[in-house]
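Chemist: Compute the structure for the input listed below.
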Amino acid sequence: MRKYQPAQVDWDEIKQRVVHGENFTAVARDYEVSRQAIQKRCKKEGWVADKPITTAVRRELHKRNQAMQPVAEAQPVQPSTDVQPIAQSATVAVREDKKSAVLGLLADGVPKLHAAQAVGCMRIAD
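Modeler: Here you go, the predicted structure:
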């Protein structure tokens, strides 16, 4: 890291440009100072101390814009009493049977593709 700051840097001009809203990169390019050096000095000396206010204003504008946009009111969901839960035991049993059959075939040395086709997990496209 460089400890030397060139004497020809006009920090007052840089401060004025930053305070008026010019970005750090453009100013750094003109004065041959790094963008980070300008940011550090800006933070240290509090050149743009109103930055949190700007952020607060941005938030308020966002809230106002969100409030102005029409939002469809959510309809309350009525729980249906006539729906019966599906018995999962049959599906799970079939799945477990297929799984155990595939594992048995794989244990016997059958290739994965052939084991899956034999159990009916995969179909061969014609």
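
Chemist: contacts, neighbours, all on C-alpha from now
Modeler: Fine.

Chemist: Next, the buried residues of stretch 97-110.
Modeler: By neighbour count on 16 or more other CA atoms under 10 Å, the buried set for stretch 97-110 is 98, 101-103, 105-106.

Chemist: In helices only, show me the residues you listed.
Modeler: Among the buried residues of stretch 97-110, the members found in helices (DSSP state H) are 98, 101-103, 105-106.

Chemist: Worst mean pLDDT across the helices and strands of the protein, which element?
Modeler: When each helix and strand of the chain is scored by mean pLDDT, DSSP states H and E, helix 51-68 comes last, with a mean of 70.

Chemist: quick check: domain ranges of the protein?
Modeler: Domain ranges of the chain: 11-67, 90-119, per automatic domain parsing.

Chemist: hmm, which two among the ones in helices among the buried residues of stretch 97-110 are most spread apart?
Modeler: By the measure CA to CA, 98 and 106 form the most distant pair in those, at 12.2 Å.

Chemist: Can you report how many residues lie near residue 27?
Modeler: As a burial measure, residue 27 scores 19 neighbours (other CA atoms under 10 Å).

Chemist: quick one: what helix or strand has the nearest residue to it once chain neighbours are set aside in it?
Modeler: With CA to CA, 6 or more residues apart in numbering as the criterion, residue 27 has its nearest non-adjacent residue at 6.7 Å, and that residue is residue 14. Using DSSP states H and E, residue 14 sits in helix 11-19.

Chemist: buried set for that helix?
Modeler: Buried, per 16+ other CA under 10 Å, within helix 11-19: 14-15, 18.

Chemist: taking the mean pLDDT, what do you get for the next helix or strand after that helix?
Modeler: Proceeding N to C from helix 11-19, the next assigned helix or strand is helix 24-31, under DSSP H and E. The average pLDDT within helix 24-31 is 88.
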